[in-house]
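K.L.:
Below: sequence and its predicted model.
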Amino acid sequence: MHHKLTIWLAFLRRDFLIALSYKISFINTIFVIFLNALVFFYFSKIVDVNENPYLTTSSYYSFVIIGIAISDFTFLLINKISQELRNYQLTGVMDSILISPGGILQLLLPSYAYPFILGTVRISIYLFFGQFIFGATLFTFSNIDILVLTLILTTISLVGIGLISGAYTVLFKQGNPIAYAYMMIASIIGGIFIPQGVYPEPVILLSKLLPITHTLDILRELYSGTIIIVDVLDSLLWLGLLGLTFLIIGIISIRSSYKIAQKTGSLYFY
């Protein structure tokens, strides 16, 4: 247990020091978040002209700022494994890393330590700008336990999807169509920008296969005020089920892709 914790801390320290060396990038990140919050604030002025029966929040701005914050978190995490594997490929250490005694997962999963913390900070910045700069009522501190549980379950799903994307990187090197396909589908029917109530029932049922759908449902329920876990139990159960499913598929995919790459010899061509 101590050895595994050391590995996670080592990856966290490594990624933090790398990020720290690019101070301008951090400033740019805050600026981009502020710009997104600003653009959607003014865009919401058009949407909020009339009462919207599809919204679960008091305004479209409150609805969409939560959506883009979680989509930012999602994109950050599902791309991490592919980026990590691609770096290993380009530096020529892929084979030695993948045959390490701890196994492939022991060296891939700890790479999520920093992006999880960074993603959580970025969500906080989005919500800070939304609430304290642009006047949206987004959150209270009375449901932190549900918020933390939701982010953990969401992360498990994203790790699974990230591993599936990583399997593609092992086999085909460049590109990440799985992550981009997920984000495109999530943007259309996952409730990031468009309330799901506008869609026909089959599309709504399909959207339930997306973790982000349930994450947003929970966070927007938190928006309504103090709740208890029973109020969002259905969404939490969906998140848990999807997380377990995607994680199992992801583990099988990344291990299988490595075996295929070994047999075909493509592991050594970058």
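P.N.:
Alright, I've got the coordinates. Numbering: from 1, shown residues only.

K.L.:
residue nearest the centroid of this protein?
P.N.:
When the chain is reduced to its mean C-alpha position, the nearest residue by CA atoms, centre = their mean turns out to be Thr74, at 1.8 Å.

K.L.:
Pull the contacting residues for Leu236.
P.N.:
Leu149, Thr150, Leu153, His214, Ile218, Ile229 (CB atoms under 8 Å, 6 or more residues apart in numbering). (Glycine included, C-beta is placed from N, CA and C.)

K.L.:
Can you report how many residues neighbour Leu138?
P.N.:
Neighbourhood size, Leu138 [other CB atoms under 10 Å]: 21.

K.L.:
and it, which of the three is it?
P.N.:
Secondary structure state of Leu138, per DSSP: H, G, I helix; E, B strand; the rest coil, is coil.

K.L.:
Make sure the residue nearest to the centre of the chain is actually in contact with Ser157.
P.N.:
No. Assessed by CB atoms under 8 Å, Thr74 is found out of contact with Ser157, at 9.1 Å.

K.L.:
if we can go back for a sec, need the next SSE after the helix or strand the residue nearest to the centre of the chain falls within, C-terminal direction.
P.N.:
Assigned by DSSP states H and E, Thr74 belongs to helix 60-78. As assigned by DSSP H and E, the chain's next helix or strand after helix 60-78 is helix 80-90.

K.L.:
follow-up on the earlier one: for the helix holding Thr74, the averaged confidence score.
P.N.:
Confidence for helix 60-78, expressed as mean pLDDT, is 93.

K.L.:
what comes up buried for that helix?
P.N.:
60-78 (16 or more other CB atoms under 10 Å).

K.L.:
And stretch 136-151, by the same measure?
P.N.:
Buried residues in stretch 136-151, counted by 16+ other CB under 10 Å: Ala136, Leu138, Phe139, Asn143, Ile146, Leu147, Leu149, Thr150, Leu151.

K.L.:
farthest-separated two in the contacts of Leu236?
P.N.:
Maximum pairwise distance among those (CB to CB): 13.8 Å, between His214 and Ile229.
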